[in-house]
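# coordinates for the following, if possible.
(chains A and B)
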2 protein chains.
Amino acid sequence: MSAQYVIGVDVGGTTVKMGLFTAEGDLLKKWEIPTRTENGGEAIIPDIAASVRGVMAASGIVSEDVRGIGIGVPGATRSDGYVALCPNLGWRNVYPGRLLTDILDGIPVKVSNDANVAALGEQWLGCGRGTKNLFMITLGTGVGGGLVMDGKIVNGANGLGAEIGHICVNPAERRQCTCGGYGCLEQYASATGVANTARQILAKSEAKSVLDPETVTAKAVFDAAKAGDAVAMEAAEVLFDYLGRELQNLTQTVEPELFAIGGGVSKAGDFLIDGIKRAYDRYMTYSAYRAKVVTATLGNDAGICGAARMMLD
Amino acid sequence: MSAQYVIGVDVGGTTVKMGLFTAEGDLLKKWEIPTRTENGGEAIIPDIAASVRGVMAASGIVSEDVRGIGIGVPGATRSDGYVALCPNLGWRNVYPGRLLTDILDGIPVKVSNDANVAALGEQWLGCGRGTKNLFMITLGTGVGGGLVMDGKIVNGANGLGAEIGHICVNPAERRQCTCGGYGCLEQYASATGVANTARQILAKSEAKSVLDPETVTAKAVFDAAKAGDAVAMEAAEVLFDYLGRELQNLTQTVEPELFAIGGGVSKAGDFLIDGIKRAYDRYMTYSAYRAKVVTATLGNDAGICGAARMMLD
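This next block holds a predicted model:
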């Protein structure tokens, strides 16, 4: 039988991760190459092409066996594959999929935003198996989002879909976000945001705390909160409240079956999930419905999984 | 040629509106019957069936000529047509589409929430012609929403999709919403909400105003604001700000091409649209993209249009 493989590519600022999958979702091989961002990132796509060719040759796979290559990129991607800007890659005004398909003799290629692709990966092979509608929230240095509805990525008109890190959640905020706005979700729900919140509470509070404002991190906040530190708990509750409210907002907008929480902050595990669920429950007054809230399970593999999945429609 | 007609039904608390359309979107006939809500609304579907039969007979249309009947109902509707509760109709735990299709000898029927159906109507024949992704916001006694993506209604897992009237936008609010929550969008952006805002400002303000707290309405607020009344303008700005922020939130979540503003409050016209756009622009710091913001154009016909459109997929 021909065309039984799909390839997923996750382009990051330092490495490009790649995976060779069967159409049934078995990951046969996983590898990575460095991302060469110099000269507007012009080598990235040729590098991917050469690497894919090499792996195909080594595995005895010919073009006709490959249904296609999916690519996740760190930037907004229009449904037609146009990428206006990827600051981390040096890309500006490119159609990376067309470039790759040209080099690889017409193998079909699709491109989407990396956060959306990760959401699709979790829906296919991770915490969202068996669901059709899923919202993934990635809590890392920043806050990203990916929306899958009816098993398909929701890109939005220009690829802004699910970019919830820069939703304004607190118009009264005086500190400016990197995007130029004030009170973006990312300012409270990212790892940086949690540390900032703890510092603010420490500066105002008389209570004793194991947290040191000079060195505090999101991990330190969660560890201390789990151990009963009142200041750390207060900082964690700020995060829970913002995320719980955002989950209510998203439920009343697109009502997913499941929220997948990923990124470094999600390593706080059940403590985080339970806190978010309590706040979500408080805000969900209009309906008895609650989407499931779980941690993402694929970690760094979510991107290659979702990228590959795009080629199976 | 057979099956060239579709019928749209919009079930309201007092009347059921119906329309007979060609598959090309020409409205051939429009009529309505009273909604009989007694005994759990058990007569509503049989009444619709009898009325549809009568119009078909009078127009010389047989079952084979009808592709199907779409119904919009005032309540959350699951994708399989299940309606848990329609307080205005007396319905509880019903599949109204199955009932209608049974009575009408198997004519296909689809059911969806009335706000979602209205959004689809505007996308097909109203202000959204030519767009594929549209968010409709209805500002009336309450605040409703309808989301159409890729030309299809987004229902959500249980029909909560686009119910943005009960998104929490101000957790500091002390007044309770009818849903049990605090600070729902509806508390500020409905006609009632605008009048309440004006009353609150009047109670605190020393400024002269033509507005009378006893009789103030949303229309009075907009008329006075257009005429330069400072208190009225302040009240209008509160509405603009909440809606502008919500448009930013929705753009960063699903990024529609167009926002259609409908309902009684939308009669304020360009004054309202321009005010919302100014606030939307203030909050859109992350991207240069702006969705279009326009008033809905179909008025009370949006429901029958969208209901009919559901049967053309």
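
# remind me which residues of the stretch 1-150 of chain A are low pLDDT?
Residue ranges of the stretch 1-150 of chain A with pLDDT under 70: A:1-2.

# what residues does it have near chain B?
When proximity is defined as C-beta under 8 Å from any C-beta of the partner chain, the stretch 1-150 of chain A approaches chain B at A:76, A:133, A:145, A:147, A:149. In short, each C-beta sits where N, CA and C put it, glycine included.

# what about the closest residue to chain B within the stretch 1-150 of chain A, neighbour count?
As assessed by C-beta to the nearest C-beta, chain B sits closest to A:Asn133 within the stretch 1-150 of chain A, at 6.0 Å. When counting by other C-beta atoms under 10 Å in any protein chain shown, one arrives at 24 neighbours for A:Asn133.

# that one and A:Met149 touch, don't they?
Yes. Using C-beta atoms under 8 Å, A:Asn133 is in contact with A:Met149, at 5.1 Å.

# next, show the common contact partners of these two.
Residues touching both A:Asn133 and A:Met149 by C-beta atoms under 8 Å, 6 or more residues apart in numbering or on different chains: A:254, A:256.

# so A:Ile33, which of the three states?
At A:Ile33, secondary structure determined by DSSP: H, G, I helix; E, B strand; the rest coil is strand.

# number of residues surrounding it?
The burial count for A:Ile33: 16, using other C-beta under 10 Å.

# tell me the SS of A:Ala115?
helix.

# do I have it right that it meets A:Gly146?
Yes. A:Ala115 is within contact range of A:Gly146, at 4.3 Å (criterion: C-beta under 8 Å).

# shared neighbours of these two, anything?
A:136, A:138, A:162.

# for whichever helix or strand A:Gly146 is part of, which positions count as buried?
Element membership for A:Gly146, per DSSP states H and E: strand A:143-149. By 16 or more other C-beta atoms under 10 Å in any protein chain shown, the buried positions in strand A:143-149 come out as A:143-149.

# list the contacts of A:Gly244.
Here A:Gly244 is in contact with A:276-283 (C-beta under 8 Å, 6+ apart).

# and the gap between A:Lys152 and chain B?
9 Å (C-beta to the nearest C-beta, to the nearest Å).

# quick one: residues contacting that residue.
A:Lys152 sits in contact with A:Asp313, where contact means C-beta under 8 Å, 6+ apart.

# look up phi and psi at the residue of chain A positioned farthest from its centre.
No residue in chain A sits farther from the centre than A:Glu206, which is 37.5 Å out by C-alpha atoms, centre = their mean. Backbone torsions of A:Glu206, given as degrees, to the nearest 10, read phi -90, psi -10.

# go on, A:Tyr280?
Dihedral angles (degrees, to the nearest 10) for A:Tyr280: phi -60, psi -50.

# for the nearest residue to A:Ala115 once chain neighbours are set aside, name its beta-bridge partners.
Closest residue to A:Ala115 apart from its sequence neighbours, by C-beta to C-beta, 6 or more residues apart in numbering or on different chains: A:Gly144 at 3.8 Å. Beta-bridge partners for A:Gly144, by DSSP bridges, are A:Thr138.

# I figured A:Gly144 hits A:Thr138, correct?
Yes. The pair A:Gly144 / A:Thr138 is scored as a contact, 4.1 Å apart, by C-beta under 8 Å.

# in contact with A:Phe222, which residues?
A:194, A:232, A:236, A:268, A:271-272.

# swap the cut-off to 7 Å and go again
A:236, A:268, A:271-272 (C-beta atoms under 7 Å, 6 or more residues apart in numbering or on different chains).

# pull out the buried members of those.
Looks like these have A:236, A:268, A:272 buried, using 16+ other C-beta under 10 Å.

# now flag whichever of the residues you listed is closest to chain B.
Of the buried ones among the contacts of A:Phe222, the one sitting nearest to chain B (C-beta to the nearest C-beta) turns out to be A:Ala236, at 17.1 Å.

# now the one helix or strand that closest one maps to: buried residues?
For A:Ala236, the host element (DSSP H and E) is helix A:230-254. For helix A:230-254, a neighbour-count test (16+ other C-beta under 10 Å) marks A:231-254 as buried.

# again, but for stretch A:83-101
Buried-residue list, stretch A:83-101, by 16+ other C-beta under 10 Å: A:83-84, A:86, A:88-91, A:94-97, A:99-101.

# and if you look at stretch A:121-135?
Within stretch A:121-135, the residues that qualify as buried are A:121-128, A:131-135, counting by 16+ other C-beta under 10 Å.

# then stretch A:20-36?
A:20-21, A:32-33, A:35.

# straight-line length of it, end to end?
Stretch A:20-36 stretches 22 Å from its first residue to its last (C-alpha to C-alpha, to the nearest Å).
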